[in-house]
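Enquirer: test case, fold it:
(2 chains)
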Amino acid sequence: MASLEHHGLGVSAGIAVGPVARLAPGPQLPAHDAPVADTAAEARRATAALEAVAADLEARAATAGGEAADVLTAQALMARDPMLASGIADRVTGGRDAPHAVDAALAEHRAALVALGGYMAERVADLDDLRTRAIAHLLGVPMPGVPDPGHPFVLVATDLAPADTATLDRDRVVAIVTERGGPTDHTAILAKSLGIPAVVACAAAAGLHDGDELLVDGGVGRIVVGPDRAQVADAQRAAQELAARRAGSHGPGRTADGHPVRLLVNIGGPADVDSAGVPGAQGVGLFRTEFLFLDRATAPTRDEQEALYREVFTAFAGRRVIVRTLDVGADKPLAYVDQPDEANPALGVRGLRLARRDPGLLTEQLLAIAAAAAGTDAEVGVMAPMVATAAEARDFAAVAREHGIDRVGVMVEVPAAALCATEILQHVDFVSLGTNDLAQYTLGADRLAGELADLLDPWQPAVLRLVAMVGEAGLAHDKPVGVCGEAASDPELALVLTGLGVSSLSMAAACLPDVRATLAAHTLEQCRALAQLALAAPSAPDARAAVHAAVRGEGAAVASG
Amino acid sequence: MSERLVKVGSRVGLHARPASLFVQAAAAQPAVVTIGRPDGDAVDARSILGVLGLGAAHGDEVVLRAEGEGADVAVAALAELVASDLDAVQ
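Expert: Numbers count the residues shown, from 1 in each chain, chains lettered A, B, ... in the order given. You can find the predicted model right below:
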């Protein structure tokens, strides 16, 4: 039988081959209620089942830790909810058996959360998982969840609940493929942290069966059902080559022919400094400062800011640190800035635009950054988020320089900024592309809308064409163009970006070795050829596939120039 | 009876983690406290599903109410919690 190839979103890089084991489905609720002789005893039976589920969730929380632990603890509280218990008791008194009473009582709360919409969507999944667990317990059937076929397997599911993902065993689960999900959901974050290759938002997952042999390439979001021997060998060779290249790759970023590409890391505060100390990271390309401003009643003082900035600058002495000035908006309100409700927060007073309302917040931050930089050897620069016009770039640069900052740039994350990159670069020293937001605004798709994940793909031709415009403008002005979005951490996309004229890539520290190794294996000329392949492709999956094929040597024309 | 009108301080409103912390604190109080919208039905403050179901956002007003022994203490403690930014609690 010929093998079948499908695509989804690759959210955790790596290649694995193994048989499919599907997440066990939830128990089937019997069509009719069982007769109940003793309603008080039946209600106790339901409570005991929920208590057992709560205890199990707490035990998982204890081993999971971190954000997963918070989610599981909240879920345990739901299982012990007094309103839920009384809703179940009422239904049992009304003649229902425990499984049906649990089902009906949870359905009522589920409907209430669905009606609220927005933030509550995630909690609905928690309730559904609770229902499945409690009913399995009451029916005496095996608890649904991660299967245990007795050998390593590829876990396939419609979606994964936090309780399932929090305690995955990476020795048994060689890869994850889900039908739903997006680049920022639980599955993606967890798979990345465990180092398990993962493909999400893969519609073809629905048609996979237990035992199907599957090749999963989490780097490019590709799965192959029933791969032939050559495909498996090819994938394994590629994985080994990458591992070998990673092990042998050191030092600053450069192409095979020595063209420098500065490799930097993204950090969210001093707490990330340790993990960002990857050998060869040439500094910080994106230092987010929001952590200092959110969750508090008053703005941080200049001294307070200065101390924290200095901590980061000191850790990166001798290297570059680009500080992004405060990037909040109406979806992340600050208690001390007057922000009216906005119907479209993503299109509202966010990023640099906040300075229109409260210029003092920005100037205090610039003064704190300048003061902190003066005391260290780091090469400090600042950049403003959400710049849309050359005038905004000019004004920001003027204010920043006036407050003692020498190196000033702006983010390019709305199409207007990319289209006017030439004019913007006349006023600033560098620009940095935020590809997540650029995709959001270019494709008109909310970053938080998981079902639109395909539109938010940084391989979208429209996004790449805008990057190309900015790259050309950078070359024409001889000024650096960076990328500090998700795109920079995808090794093959990093080649394309380099070919488009991008001169620095900033990413999560864990992704840097792969990008450095891949870059070191290609010449600038090859990167340019790959960029042309991507630009010419009619869709994001086509662009990814064309570049992937060329990189894997199937496009000999590229390799030979 | 003890009653207090409070503005929700959590940046993301009473959802998920803030609601968990609030509910756990309510369960530890000496009196049963209810929470509700000023113009709506009140729910048991120990019920996470009830609290989530209020859909209270940052800046929304909620009413805390309790009766009998320990009512004042319980309402005061929970009012302080609702008004603070529970997202910032580590």
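
Enquirer: give me the three-state assignment for A:Ala49.
Expert: For A:Ala49, the secondary-structure state derived from DSSP: H, G, I helix; E, B strand; the rest coil is helix.

Enquirer: what's the distance between it and chain B?
Expert: Counting by Cβ to the nearest Cβ, to the nearest Å, the gap from A:Ala49 to chain B is 17 Å. No exception for glycine: its C-beta is placed from N, CA and C like everyone else's.

Enquirer: pLDDT at that residue, what is it?
Expert: At A:Ala49 the predicted local confidence, pLDDT, stands at 96.

Enquirer: contacting residues around it?
Expert: Contact criterion Cβ atoms under 8 Å, 6 or more residues apart in numbering or on different chains gives A:Ala98, A:Val102, A:Ala134, A:His137, A:Leu138 as the residues in contact with A:Ala49.

Enquirer: just these: which are in helices?
Expert: Per DSSP state H, helices hold the following members of those: A:Ala98, A:Val102, A:Ala134, A:His137, A:Leu138.

Enquirer: quick one: the strands in the stretch 101-250 of chain A?
Expert: Counting by DSSP state E, counting those that start in this stretch, the segments of the stretch 101-250 of chain A that form strands are A:153-157, A:173-178, A:198-200, A:213-217, A:222-225.

Enquirer: convert the last one to PDB, retaining C-alpha atoms only.
Expert: This means strand A:222-225. Taking only C-alpha atoms (Å, rounded to 0.1, in the frame of the first residue of the first chain), the coordinates of strand A:222-225 have been written out as PDB:
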ATOM      1  CA  ARG A 222       4.200  16.300   8.500                       C
ATOM      2  CA  ILE A 223       2.900  12.800   9.200                       C
ATOM      3  CA  VAL A 224       3.200   9.800   6.900                       C
ATOM      4  CA  VAL A 225       0.800   6.900   7.300                       C
END
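
Enquirer: give the buried residues for that strand.
Expert: If you call a residue buried by 16 or more other Cβ atoms under 10 Å in any protein chain shown, then strand A:222-225 has these buried ones: A:Arg222, A:Ile223, A:Val224, A:Val225.

Enquirer: nearest to A:Pro152, of the ones in helices among the contacts of A:Ala49?
Expert: Closest to A:Pro152 out of the ones in helices among the contacts of A:Ala49 is A:His137 (28.6 Å), distances taken as Cβ to Cβ.

Enquirer: what does chain B have sitting close to chain A?
Expert: In this structure, chain B approaches chain A at residues B:9, B:11-13, B:15-17, B:19-20, B:23-24, B:43-44, B:46-50, B:52-53, B:55, B:58, B:85, B:87-88, judged by Cβ under 8 Å from any Cβ of the partner chain.

Enquirer: are any of these buried, and if so which?
Expert: Applying a neighbour-count criterion of 16+ other Cβ under 10 Å, the buried members of those are B:9, B:11-13, B:15-17, B:19-20, B:23, B:43-44, B:46-50, B:52-53, B:55, B:58, B:85, B:87.

Enquirer: sort out for me which of the residues you listed are in strands.
Expert: Helix and strand membership here follows DSSP state E; of these, those in strands are B:Val43, B:Asp44.

Enquirer: just the pLDDT for residue 1.
Expert: Went with chain A since none was named. 46.

Enquirer: you looked at the wrong chain, it should be chain B
Expert: pLDDT for B:Met1: 86.
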